[in-house]
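K.L.:
I'll drop the sequence and a predicted model, then ask my questions.
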Amino acid sequence: MKAATSTSGPSLSLVLTKGTCPICGILKDFQWTLAETTRPQSDLRLCNFHGWALARSREKLSRSTPGESVTMVFLEMLKGPLAGKVSSDQCSLCHRVLEEEGARLRELAQKLQGAMFAEWMKTQGTLCLEHGRKVKEFIPLRLRTLVDEIVERNRGELERDLEAFREQLKHGIHEGGGLLGRAAEFLVGQRGL
Ligand SMILES: [Zn+2]
Ligand SMILES: [Zn+2]
């Protein structure tokens, strides 16, 4: 498989938001654009998550193509040799997400070499456990400590916020402001990755 080196989506710098892993953020959006770009082919293989992601993408597609491309994708699959649900290592869309992930990790690794970016990530940035682990494969030794520091700070912040949230629940206040989602992202990455 050809390794993706360039990407068409937004630059990493544009998606830097406090509390969200930038790689997860980009891949989350990327998964929805897959529905628009997946070409109908009889040997397309889908895992459970991406089968449903396609089915549900209809509402998110632009008005000019209301689910037409996904309809064609499913029609073609129904005519081909039926494979049913496959695991993610055999899923065509999981493969594309992995390619995009690789390209984005390399982009992040390169940006971390810049002092200003590194400082921002150190003090305010977020990385989920998985992408913290993976980006270390692309950076020089001296930067791996920085990644560990970012992940460790994120872990501490989440722990503190969850403790506070637990106290809040005792008083009947249930507004967590997406805290549980942030905890899930940190622990296992975004859905379908
Ligand atoms: Zn992530
Ligand atoms: Zn998949």
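P.N.:
That came through fine. Ligands and ions are numbered 1, 2, ... in the order given.

K.L.:
low-confidence ranges in this structure?
P.N.:
1-9, 13-15, 58-66 (pLDDT under 70).

K.L.:
Up against ligand 2, what does it have?
P.N.:
With Cβ under 5 Å from the ion as the criterion, the chain comes near ligand 2 at residues 47, 50, 88, 91, 93-94. Placement of C-beta: from N, CA and C, glycine included.

K.L.:
Reformat those as JSON lines; add neighbour count and distance to residue 161.
P.N.:
Formatted as JSON lines, the residues of the chain next to ligand 2 follow (neighbours: other Cβ atoms under 10 Å; distance: Cβ to Cβ, whole Å):
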{"residue": "47", "neighbour count": "19", "distance to residue 161": "32"}
{"residue": "50", "neighbour count": "25", "distance to residue 161": "31"}
{"residue": "88", "neighbour count": "17", "distance to residue 161": "30"}
{"residue": "91", "neighbour count": "22", "distance to residue 161": "34"}
{"residue": "93", "neighbour count": "22", "distance to residue 161": "33"}
{"residue": "94", "neighbour count": "21", "distance to residue 161": "31"}
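
K.L.:
Export the residues you listed as a markdown table, with columns for secondary structure.
P.N.:
Below are the residues of the chain next to ligand 2 laid out as a markdown table (DSSP: H, G, I helix; E, B strand; the rest coil):
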| residue | secondary structure |
| --- | --- |
| 47 | coil |
| 50 | helix |
| 88 | coil |
| 91 | coil |
| 93 | helix |
| 94 | helix |
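
K.L.:
Looking at those residues, spot the one nearest residue 158.
P.N.:
Closest approach to residue 158 among those (Cβ to Cβ): residue 88, at 25.8 Å.

K.L.:
all helices for the chain, in order.
P.N.:
Using DSSP state H, the helices of the chain run over 22-37, 48-56, 68-79, 92-112, 115-123, 129-135, 141-170, 179-188.

K.L.:
got the angle between the first one and helix 48-56?
P.N.:
Translated: helix 22-37. Counting by axes from the mean of the first three to the mean of the last three Cα atoms, to 10 degrees, helix 22-37 lies at 60 degrees to helix 48-56.
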